[in-house]
Structure formats: structure tokens, C-alpha cells
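Visitor: Here is a sequence together with a model predicted from it:
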Amino acid sequence: MRKPLGRWCDIAFLGLLLGSGQAIGAPQTHTISKSDVRFGLPAVTHVRLKDVVWDLFEPQDYRTKKPPTRQLSHLFLETKTQGTHVPGLCRYDSVEVEFAPVTPNEKGPSVQSKAVGLRSTSRFHFLAAPDKDYEDLVQPRFASAQHCVQVSKEQPFFTAESESEATNGYRIWLRLLDATKNHANVKLECKLTPAEKDSSCAQIVATLKPDELSDVESCDAPSYDVLCHKFYAGDRLITVLTRAYIYPGPPPGEIVSAKVDTLITFADRIID
């Protein structure tokens, strides 16, 4: 009696696949709409959202040659590289999941743990340098998706809070490098190391390369007529002030000044 039942289940499952339009063997892409969210049962919406969100992530290989010695404390998940609303701008997100033992004070790699927190970071990469500010480039639909999915994460990505900050910040970064290489009149201030005492501030900035940028973030400006951005590149922190969008007034985006600090990094041995 079990064999016919099994055959019937196989046929029913095949019909379900064909009826849903899902090709056998093809990866399924889960989707959801605002109407689904607004009118669906909470339990159903919860399950569907888990599928939709999990589709973002790529499989990760967490295996190590040496066995672990401590309990699970955190793991990093990474989304697939995808396009954005800015043509030529690619993005992926890194999510740190924090774990804690189910039973407090238990220790060891076999201790069962539960997820207790999330922290995410967005990473960006330009296929080509943007020729306009974000406001003039942004599109209502995702762009460059097919090109971005082929971009290796070994390529230089930098972190930023949003697509707009990534675009406008990257343009300021390139403008600063071009200004110093072309000996433009930019007010520079550098805190150099003793080994760099024979170099000028302009020479230090001119040696930086576009791909060295690792992070861009906005900062508090000292006055209303300027914008402030911080750029991290290697062991350098460069704080740049640019003209704000004020009319009438000087051209917006013009670099007012740049201050370069050298960071000191301490590395601790991580015990797994």
C-alpha cells in the first residue's frame, strides 16, 4: 500500500511544481508584495519573509583546519553582489550575527548557542568612476545588475551608510586625489610620522590611490557653508571639507581643506 501512495505523492509534487511555473532543478526566487505583508496572516508573512531575506545571502565556508576551542560567539553572513539605483555602483552587505550560550556560563565549542543580535555593513564598488552626483544619477530601478553579479568580492569595495553617501563621497575622494596630483591650491594639513618628515603633505596625499579607499562617512561640519567627510585609506584618515550647496555662493563640491592623520593599529591574537 505504501508504494502507490509514494507514486501519488511524486505525481502531486510534480504537478505542484508545474502549476507554480517553477522549473525542476531551477533555483527558486522567493518574492513578496506590500499587499501580501499588509493582508497576510502574521505567521504566514513571517515564514515568507524568512525565505525572501535568506535569498539574499551566499553560502559561506566556515570550516577551519584547526578544531575550535571556544563556544560560538559570532558569524559573518554576506549577501550576493547586486546592482543599485546608481548605474555602475555595485553593493553587497556583510551581516555579523552575535551568539550567546543557551545555558549561561557553559564553555567549549560544543555548547549550543542562540542568535542574540545583528550588525550590518554595506560595501560598495564602482565599475567606473561616477561623472555626476547621486541626485543626478539615481534611477527608480536597479541598474547594472547583470554586471555587478559578476564582480568578485576580491575587488576593492569600500563601506558607506548609503548609496548616496557612497556616490557623493567617492566623487569627493577622487577630486581630492586629482587636486593634489595636479598641484591645485588646496589647504592641506598632515600629521606625519617621524619617517615621513622629509615629505610634504601634498606628496603624501598624492601617493594615495582610488582603490585604497576602505570607508567613507559623513561628519559634523564646523560651519553651515561646508560639508564634512571622513575617508579611511590604509593607515590614513583624511577629513575633507567641501563647499555646501548654497546659492548664491562658490561652486558646490569644491574642496576647502583636507586634514590627514596617521592611524596606529594594534592587532590582538584571536583565539578560536
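Guide: Perfect, I can see it now.
Visitor: Verify the contact between Val86 and Pro140 for me.
Guide: No: with the criterion set as Cβ atoms under 8 Å, Val86 and Pro140 do not qualify as a contacting pair; they are 11.8 Å apart. Every C-beta, even on glycine, is put in place using the N, C-alpha and C of the backbone.
Visitor: and those two? which has more neighbours close in?
Guide: Counting neighbours by other Cβ atoms under 10 Å for Val86 and for Pro140 shows that Val86 has the greater number, 23 against 6.
Visitor: Tell me the pLDDT of that one.
Guide: Each residue has a pLDDT score; the one for Val86 is 95.
Visitor: same deal with the one 5 residues further on?
Guide: According to the prediction, Arg91 has pLDDT 96.
Visitor: Which of the three states applies to it?
Guide: Taken by DSSP: H, G, I helix; E, B strand; the rest coil, the conformation at Arg91 corresponds to strand.
Visitor: That one - how many residues pack around it?
Guide: Under the criterion other Cβ under 10 Å, the count of neighbours that Arg91 has is 23.
Visitor: what residues are up against Gly108?
Guide: Gly108 is in contact with 69-71, counting by Cβ atoms under 8 Å, 6 or more residues apart in numbering.
Visitor: quick one, strands of the chain?
Guide: Assigned by DSSP state E, the strands in the chain fall at 74-78, 82-83, 89-101, 113-126, 158-159, 187-190, 213-219, 226-233, 236-243, 255-262.
Visitor: Adding distance to Phe57, write the ones you listed out as CSV.
Guide: Supplementary listing: the strands of the chain in CSV, determined by distance: least, Cβ to Cβ, whole Å:
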stretch, distance to Phe57
strand 74-78, 5
strand 82-83, 12
strand 89-101, 8
strand 113-126, 12
strand 158-159, 18
strand 187-190, 41
strand 213-219, 23
strand 226-233, 26
strand 236-243, 32
strand 255-262, 36
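Visitor: Thr167 is nearest to which of the ones you listed?
Guide: Nearest of the strands of the chain to Thr167, taken as Cβ to Cβ: strand 89-101 at 6.4 Å.
Visitor: In that closest one, which residues are buried?
Guide: Within strand 89-101, the residues that qualify as buried by neighbour count (16 or more other Cβ atoms under 10 Å) are 89-94, 97, 99, 101.
Visitor: Buried ones among the contacts of Gly108?
Guide: The neighbour-count test (16+ other Cβ under 10 Å) applied to these identifies Gln71 as buried.
Visitor: wait, which of the contacts of Gly108 is closest to Val240?
Guide: The nearest member of the contacts of Gly108 to Val240, counting by Cβ to Cβ, is Arg70 at 41.4 Å.
Visitor: which residue sits closest to Lys66 in space, ignoring its chain neighbours?
Guide: Across the structure, with Cβ to Cβ, 6 or more residues apart in numbering as the measure, the residue nearest Lys66 apart from its sequence neighbours is Asp272 (7.1 Å).
Visitor: Local confidence estimate at the one you found?
Guide: Per-residue confidence for Asp272 comes out at a pLDDT of 72.
Visitor: where does the stretch 151-272 of the chain dip in pLDDT?
Guide: Counting by pLDDT under 70, the stretch 151-272 of the chain contains low-confidence ranges at 246-252, 267-268.
Visitor: coming back round to it: tell me the contacts of the residue nearest to Lys66?
Guide: Applying Cβ under 8 Å, 6+ apart, the residues contacting Asp272 are 64, 66, 68-70.
Visitor: 7 Å instead, please
Guide: In this structure, Asp272 makes contact with 64, 68-70, judged by Cβ atoms under 7 Å, 6 or more residues apart in numbering.
Visitor: Thr81 now?
Guide: With the criterion set at Cβ under 7 Å, 6+ apart, Thr81 makes contact with 90, 92, 148-149, 151, 153.
Visitor: what's the nearest residue to it if we skip its chain neighbours?
Guide: According to Cβ to Cβ, 6+ apart, the nearest residue to Thr81 is Tyr92 (4.6 Å).
Visitor: got it, and Leu188?
Guide: In this structure, Leu188 finds its nearest non-sequential neighbour in Cys201, 4.3 Å apart by Cβ to Cβ, 6+ apart.
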